[in-house]
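Enquirer: what's the 3D shape of this:
(one chain, ligands or ions: 1)
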Amino acid sequence: MPTGKDEYNNVFNLLQQHHRWFQKCIPLIASENTPSPAVREAIITDFGNRYAEGWPGERVYAGCRFIDQVEFKCIELMKRLFNAEFVDVRPISGVVANLVLYAAFTEPGDTMMALSIPCGGHITTGKKELGGTAGAVRGLVVEYLPLDYKELNIDVDRAKERISKLAADGRPPKLVMFGASVFPFPHPVKELTETIHAVNGTVGYDAAHVAGLIAGKQFQDPLKEGADVVSLSTHKTFFGPQHGGVLSWDKYSDKIKRATFPGMVSNHHLHAVAGVTIACAEMLEFGKEYTSQIVKNAKALGQALYERGFNVLAEHKGFTKSHVLLIDIIKHGDGGTIEETLEKANIIINRNLLPWDIKEGRHFMHPGGIRLGVSEITRLGMKESEMTEIAEFIRRAIMNKEPLEKVKADVEKFRKDYQKVHYCFENSTEAYKYIKIR
Ligand SMILES: *Cc1c(COP(=O)(O)O)cnc(C)c1O
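Expert: Below you'll find the predicted structure:
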């Protein structure tokens, strides 16, 4: 039997192996990113060992003198970045932020609309039958927003019809959630707000993926376009660490605050709030430059893959206006197999359902698509020319069927030059350096 000390060493060994591996990988998961050393420093502070229930300045706990100042600063900087009247930075993740929205703006049994999962929707907006948060946890009846498959966007006319039909049937949507996990083009918030408000619905917007792009002014401004409330994650296109948040208008502040606490959180991961506050300062300084490079890189990667014969969707619209690309990969295998193949070459991507996959009888484990995101490789300092190199690695592994060990060796060599986090004030510690303080 291994001793406690053996197991202790085993775990640290695994953690260190992970770090060493990620130093050699091309990370293309659209929901992931790497924070600056400054954010990493903030999240190992003593803030992570404290409680601060309630609103800053009105806490239920003592000892919050500095914690309150940081949280107020976080709120202030978020308001600046998102032009929001009201911000709650206590939701500990995007899922919890969505739960806050549901608690504040709906009652169990209400109808909610969102994109289905094959159409890019997230499990948090999923139906009860799928175990989705909206259905299974809040008891909402989820109806789908219609997607135009070619445009990879919500179909405005059909959405209007569906909303009117639901209203005529006596179950108007109480909440319509824009936003998605495959989110290449801005959603028609402006076009649909009036229709939603006319049936007394709340306009929600899930900015988990695009929060950084919104803060960097590279994507639509949902509040300005009519959204009543926005949920977000702080670590996808935003600068991290993993956390959540809600943006809204002053008139909704009381019900959002109450939904968050006592509704959804007790401790709210104060170390993460500290990290997000540092990330906000970085966004203010570097956000525009970073996010405009993200969009350029995503388009360049789409183009380079397309030129090599990959079926990157929405070619007629330049593939994307965000950080994400959706590729129909079925000619070369299924998404699950491709994901595994690329991982052996140290290229980390994820399989993804295509909008028509369920009808084709495909399952999430082996869908027809893959999803690529460029936020993390952009943060590592890569530009358009590196996107061509990455497309070439993917071509060699999938189309040429070169020995994966050979592609992997070249990926590792390529990756050596991108070890630091860019778009931050200080980066003397490398991005994936293992930090030992024992
Ligand atoms: C990632 C994601 C979430 C969940 O965010 P977490 O921070 O991982 O909890 C919610 N909604 C959408 C659309 C997402 O893509």
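Enquirer: any idea how far residue 411 is from residue 87?
Expert: For residue 411, the distance to residue 87 under the criterion CB to CB, to the nearest Å works out to 40 Å. For the C-beta atoms, the positions are set from N, CA and C on the backbone; glycine is no exception.
Enquirer: Same question for residue 377.
Expert: The value you get for residue 377 to residue 87, if CB to CB is used, is 29 Å.
Enquirer: end to end, how far does stretch 59-70 reach?
Expert: From its first residue to its last, stretch 59-70 covers 14 Å (CA to CA, to the nearest Å).
Enquirer: Provide the count of other residues in contact range of the residue of the chain found nearest the ligand.
Expert: Scanning the chain for the residue nearest the ligand gives residue 94, at 2.3 Å (criterion: CB to the nearest ligand atom). The burial count assigned to residue 94 is 28, neighbours taken as other CB atoms under 10 Å.
Enquirer: Could you do the one 10 residues further on as well?
Expert: Burial of residue 104, expressed as a neighbour count using other CB under 10 Å, amounts to 25.
Enquirer: OK, contacts around it?
Expert: Contacts here follow CB atoms under 8 Å, 6 or more residues apart in numbering; on that basis residue 104 touches 229, 252, 255, 256, 258, 259.
Enquirer: Give the closest residue to it in space, chain neighbours not counted.
Expert: residue 259 (4.0 Å; CB to CB, 6 or more residues apart in numbering).
Enquirer: Correct me if wrong: the one you found contacts residue 103.
Expert: Yes: with contact defined as CB atoms under 8 Å, residue 259 reaches residue 103; the gap is 3.9 Å.
Enquirer: Between these two, which has more neighbouring residues?
Expert: In terms of neighbours (other CB under 10 Å), residue 259 is the more surrounded of residue 259 and residue 103; the figures are 22 against 18.
Enquirer: Can you verify the more buried one is assigned to a helix?
Expert: Yes: the assignment for residue 259, made by DSSP: H, G, I helix; E, B strand; the rest coil, places it in a helix.
Enquirer: So which residues on the stretch 1-150 of the chain come close to the ligand?
Expert: 31, 93, 94, 95, 98, 122, 124 (CB under 6 Å from any ligand atom).
Enquirer: By residue count, tell me the biggest helix in the chain.
Expert: In the chain, taking DSSP state H as the definition, the longest helix is helix 270-307.
Enquirer: what's that helix packed up against?
Expert: Packed against helix 270-307, as judged by 3 or more CB pairs under 8 Å, 6 or more residues apart in numbering; DSSP states H and E, are the following elements: helix 37-42, helix 65-82, helix 211-215, strand 311-312, strand 324-328, helix 375-379, helix 384-398.
Enquirer: ok, and for the very next helix or strand once past the fifth one, which residues are buried?
Expert: Going down the chain from strand 324-328, the next helix or strand is helix 335-344, by DSSP states H and E. With burial defined by 16 or more other CB atoms under 10 Å, the residues of helix 335-344 counted as buried are 335, 336, 338, 339, 341, 342, 343.
Enquirer: Kindly report the same for stretch 268-275.
Expert: By neighbour count on 16+ other CB under 10 Å, the buried set for stretch 268-275 is 268, 269, 270, 271, 272, 273, 274, 275.
Enquirer: As a markdown table, these with pLDDT would be great.
Expert: Conversion of the buried residues of stretch 268-275 to a markdown table gives the following (pLDDT from 0 to 100):
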| residue | pLDDT |
| --- | --- |
| 268 | 98 |
| 269 | 98 |
| 270 | 98 |
| 271 | 98 |
| 272 | 98 |
| 273 | 98 |
| 274 | 98 |
| 275 | 98 |
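Enquirer: Now render these as CSV, adding distance to the ligand.
Expert: Conversion of the buried residues of stretch 268-275 to CSV gives the following (distance: CB to the nearest ligand atom, whole Å):
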residue, distance to the ligand
268, 14
269, 12
270, 17
271, 16
272, 11
273, 14
274, 17
275, 14
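Enquirer: ok, of these, which one's closest to residue 283?
Expert: Within the set of these, residue 275 lies nearest residue 283; the separation is 12.4 Å, counting by CB to CB.
Enquirer: how about residue 375, what does it touch?
Expert: Contacts were defined as CB under 8 Å, 6+ apart; by that measure residue 375 touches 30, 32, 33, 212, 236, 237, 294, 323.
Enquirer: go on, residue 29?
Expert: With contact set as CB under 8 Å, 6+ apart, residue 29 has these partners: 348, 349, 350, 373, 376.
Enquirer: From those residues, list just the buried residues.
Expert: With neighbours counted using 16+ other CB under 10 Å, the contacts of residue 29 contain these buried positions: 348, 349, 350, 373, 376.
Enquirer: From residue 326, how far out is the fourth one?
Expert: What it means is residue 373. Summarising the geometry, the distance separating residue 373 from residue 326, computed by CB to CB, is 10 Å.
Enquirer: likewise residue 101?
Expert: 26 Å.
Enquirer: Residue 296 too?
Expert: For residue 296, the distance to residue 326 - CB to CB - is 18 Å.
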